[in-house]
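> Build me a model from this:
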Amino acid sequence: MNTARQRTLLAVGLVLLLLALVIGWGLGGGNGQPTAATPETKATYATKAASAPATRTPSGLPVCTSVPAEVHDAVAAVRANGPYLRPRDDGGTFGNRERLLPAKPGGYYREYTVKAPGERFPGPRRLVTGGQSKLGAEPAVWFYTADHYESFCELHV
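The predicted structure follows:
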């Protein structure tokens, strides 16, 4: 009972749907991240916008100018040696495979999960510390990533 007009409309609708999916995927970087501006992405944009040479640190990374409140909870957990969001993983060695942090010997960096409301656990937020002699010791440097190691800023706590 399908007429030629109905088949044409169906084909046009499918093409438009596929086009919308491809465009949305391209804007999101193809990494499954949402494309809408959320408070988290706004904070990330603020951090990236603040990366002018005057706001750079000795590490060469921008200073974190705006971070979610949950970052402060993670900092407190690091300083108290817990409780951590992911006790089996938090405090583990961060390998710096992306090479975005200053080059240091293996084992220098540790990573911790930062709660990300509205994201599927554990989410993309991480705190990376450096120079801790042991868990619970005060780190020499603190870094934050809102996008799962794609970019970092130096956190001054």
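> got the end-to-end distance for stretch 59-74?
21 Å (CA to CA, to the nearest Å).
> That should have said stretch 64-75, apologies.
Start-to-end span of stretch 64-75 (CA to CA) is 14 Å.
> State the mean pLDDT of it.
Average pLDDT, stretch 64-75: 95.
> Tell me the helix or strand right after the helix or strand bottoming out on mean pLDDT in the chain.
Here the helix or strand of the chain ranked lowest by mean pLDDT, DSSP states H and E is helix 39-49, holding a mean of 39. Using DSSP states H and E, the helix or strand that follows helix 39-49 in sequence is helix 69-80.
> Give the other helices and strands that that following helix contacts.
strand 109-113, strand 126-130 (3 or more CB pairs under 8 Å, 6 or more residues apart in numbering; DSSP states H and E). For glycine as for every other residue, the C-beta is placed from the backbone atoms N, C-alpha and C.
> Kindly reformat the ones you listed as TSV containing mean pLDDT and mean neighbour count.
Compiled in TSV, the helices and strands packed on helix 69-80 are given as follows (pLDDT from 0 to 100; neighbours: other CB atoms under 10 Å):
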stretch	mean pLDDT	mean neighbour count
strand 109-113	97	21
strand 126-130	97	22
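> check contacts around Thr145.
124-126, 128, 151-153 (CB atoms under 8 Å, 6 or more residues apart in numbering).
> thinking again about what came up before, quick one, which of the helices and strands packed on helix 69-80 is nearest to Val63?
strand 126-130 (15.1 Å; CB to CB).
> re the thing from before, list buried residues within the contacts of Thr145.
Neighbour-count burial (16 or more other CB atoms under 10 Å) is assigned, among the contacts of Thr145, to 124-126, 128, 151-153.
> Out of the helices and strands packed on helix 69-80, flag the one nearest Ala146.
Ala146 sits nearest to strand 126-130 of all the helices and strands packed on helix 69-80, at 8.6 Å, using CB to CB.
> Residues contacting the closest one, please?
71, 74-75, 78, 94, 101, 104, 108-114, 139-145, 148-149, 152, 155.
> Tabulate the buried ones among the contacts of Thr145 (CSV), appending distance to Ser59.
CSV is the format used below for those (distance: CB to CB, whole Å):
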residue, distance to Ser59
Pro124, 21
Arg125, 19
Arg126, 16
Val128, 11
Ser151, 13
Phe152, 9
Cys153, 10
